[in-house]
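# Provided below for reference: sequence and predicted model.
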Amino acid sequence: MLPSVPTDFTPWASLGGGVLIGLSAVMVMAMFGRVAGIVGITTGAVTSGDREWRIAFIGGLMAAPLLWRAITGGFPIQTVSDNLVGMGIAGLLVGIGTALGSGCTSGHGVCGLARLSRRSLVAVLTFMAFAGATVFALRHVLAGGI
């Protein structure tokens, strides 16, 4: 039997976050005619002429934990690895995958699937397959080695 990994089950916070993500994706599409993919938004904040809404969107992402703290009295619980080499490799692989997939998980997963894009469906299935394989490898094949 595989060992269980404890997690924090937060259905109401997760539901609220999902609703806010969906609402923001609809607002970006309705107001600016753009997909709310984080890679496209951050890249465009540096390279495009319509920077204002992109900077405001990024500011909202950074302000969200502060709003959460104001409402609940504490920051959201985060778990970040202290393995800098592993984090560097993971970041590099995510960057490569984003370039190969012509977008990120938010652009394809939230917006692309909502628009019934076949390309986004393939991208999301690929993201999920590699995510599942990575979790399996790290927890069961390389357990304790990383």
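Alright, I've got the coordinates.
# show me the contacts for Ala114.
Each residue near Ala114 by Cβ atoms under 8 Å, 6 or more residues apart in numbering is listed here: Ala25. (Each C-beta comes from the backbone N, C-alpha and C, glycine too.)
# got the contact list for the lowest-mean-pLDDT helix or strand in the chain?
The helix or strand of the chain with the poorest confidence is helix 105; it has a mean of 83 (mean pLDDT, DSSP states H and E). Under the contact criterion Cβ under 8 Å, 6+ apart, helix 105 has outside partners 124, 127.
# tell me how far it is from the chain's mean position?
6 Å (Cα atoms, centre = their mean, to the nearest Å).
# how about the helices in the chain?
Residue ranges of the helices in the chain, as given by DSSP state H, are 11-32, 38-47, 51-72, 84-100, 105, 113-114, 118-136.
# dump the ones you listed to TSV, plus distance to Gln78.
Written out in TSV, the entries for those read as follows (distance: least, Cβ to Cβ, whole Å):
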stretch	distance to Gln78
helix 11-32	13
helix 38-47	17
helix 51-72	9
helix 84-100	13
helix 105	18
helix 113-114	26
helix 118-136	18
